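Peer 1: turn this into a structure:
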Amino acid sequence: MAKKHVAVVMGGYSSEFQISLNSGAVVCEALDKEKYLVHPIHITKDGWFFVSNDGTKQPVDKSSFSFGTGTETVKPDVIFNTIHGTPGEDGYLQAYWELLGIPHTSADYYQAALSFNKRDCLSVLKNFGVRCANSYYINQGSEINADEIIKKTGLPCFVKPNRSGSSFGVSKVHEMKALMPAIEKAFGEDSEIIIETALVGTEVSVGVYKKGEEIIALPVTEIVSENDFFDYEAKYEGKSEEITPARISEKETEMVQKEAIRIYKLLNMKGITRSEFIIEKGKPYFLEINTNPGLSKESIVPKQTKEAGMTLPAFFDILIQNVLL
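Peer 2: Residues are numbered from 1 along each chain as shown. Below is the predicted model of the structure:
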């Protein structure tokens with residue numbers, strides 16, 4: 001059987017560029033070379049390139065997503081998408097690949113766009129009875145009524161950019177005077193922001209993926225941050241402890257996994273997603289869903305697959321085979 005050409009797409013245009021390169025490198029290393037011809041593709045603001053082992057760059061032809069490797073021209077059979085943030089996690093590239101007829105491992109374009117927009121995603125899920133924190137939305141340029149915000153969310157609250165990842169621009173606000181600076185900081189990342197009640201409880205994260213027609217939840221990870229919350233430092237600079245499996249009861253574990261699977265189905269997802277929850281008084285409250293979760297050595301999903309008794313090559317193979325069918 002001929003080996004399939006897999007383009008591992010990484011980089012992107014957001015603050016998460018470097019984190020995505022780390023995820024992409026892990027995927028390139030782990031994919032089974034007996035089955036796949038693996039091609040690293042860097043998507044940057046300066047251009048799209050195939051990057052060979054010796055660092056040589058060849059431009060990607062955007063009309064077909066094909067590229068030269070120095071010996072041949074390749075149009076990939078499948079794309080393994082590891083971009084965090086725009087344009088690979090918010091639907092832009094997905095729509096383009098779908099127009100070109102190239103299968104890819106991430107959520108479809110509409111699902112990606114919807115879940116990337118935290119406000120819209122919460123609005124949809126709340127209608128299906130998914131428990132979420134109280135929230136308040138503001139757009140840049142609109143009048144800000146601090147009293148009204150705190151009346152809705154209470155203190156402490158979180159101020160977040162609506163469309164960004166890795167906790168860029170997020171603040172936890174404990175007192176009224178810190179609210180406006182936090183809003184300004186969030187507007188530095190996005191023109192839309194969301195302010196939410198800070199739930200008190202155990203923060204957990206759970207990966208969900210599809211294997212054929214079956215939707216499977218991975219073991220649950222508990223997140224214990226040294227900082228005030230799971231911010232960028234906590235995520236990537238070792239300022240947090242991630243405990244897999246989470247130190248929660250069997251009943252809570254089952255409840256979180258069930259809710260994560262339900263959300264995956266409600267949003268009509270595919271590929272691997274990672275949902276975050278806070279368990280407050282024994283009930284899971286949904287925070288957000290990532291459709292291209294980190295796959296680097298420090299990331300949560302690789303730790304969960306290991307706990308589930310799976311190797312990364314086997315797991316990545318499932319994600320690729322799902323879309324090659």
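Peer 1: quick check on Y209: phi, psi?
Peer 2: Main-chain torsions, Y209, degrees, to the nearest 10: phi -140, psi 170.
Peer 1: surely it and I216 touch.
Peer 2: Yes: contact criterion C-beta atoms under 8 Å: Y209 and I216 qualify, at 5.9 Å. The way it works is simple: take the backbone N, C-alpha and C, and place the C-beta from them, glycine included.
Peer 1: these two: which has the busier surroundings?
Peer 2: Neighbour totals were compared for Y209 and I216, and Y209 leads with 23 against 14 (other C-beta atoms under 10 Å).
Peer 1: list the residues that contact the residue lying closest to the more buried one once chain neighbours are set aside.
Peer 2: Leaving aside its sequence neighbours, Y209 sits nearest to I272 (C-beta to C-beta, 6 or more residues apart in numbering; 4.4 Å). When contacts are counted by C-beta atoms under 8 Å, 6 or more residues apart in numbering, I272 touches T105, G207, V208, Y209, P293, V301, L319.
Peer 1: relative to L99, how far out is I272?
Peer 2: 23 Å (C-beta to C-beta, to the nearest Å).
Peer 1: again with A186
Peer 2: A186 sits 33 Å away from L99 when distances are taken as C-beta to C-beta.
Peer 1: compare those two and say which is more crowded by neighbours.
Peer 2: Using other C-beta under 10 Å, the more surrounded residue of A186 and L99 is A186, with 26 against 9.
Peer 1: and the helices in this structure?
Peer 2: Remark: helices assigned in the chain by DSSP state H are 17-30, 92-100, 109-116, 118-127, 146-153, 179-187, 232-236, 250-266, 300-307, 312-324.
Peer 1: put together CSV for those helices, with distance to E203 on each row.
Peer 2: Formatted as CSV, the helices of the chain follow (distance: least, C-beta to C-beta, whole Å):
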stretch, distance to E203
helix 17-30, 19
helix 92-100, 28
helix 109-116, 19
helix 118-127, 16
helix 146-153, 18
helix 179-187, 19
helix 232-236, 10
helix 250-266, 11
helix 300-307, 11
helix 312-324, 24
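Peer 1: out of those, nearest to I243?
Peer 2: Nearest of the helices of the chain to I243, taken as C-beta to C-beta: helix 300-307 at 9.4 Å.
Peer 1: show residues contacting the closest one.
Peer 2: By C-beta under 8 Å, 6+ apart, the residues outside helix 300-307 that reach it are 26, 205-207, 218-221, 242, 244-245, 272, 274, 293-296, 311-312, 315.
Peer 1: between it and helix 312-324, how many degrees?
Peer 2: Going by axes from the mean of the first three to the mean of the last three C-alpha atoms, to 10 degrees, helix 300-307 is angled at 110 degrees with respect to helix 312-324.
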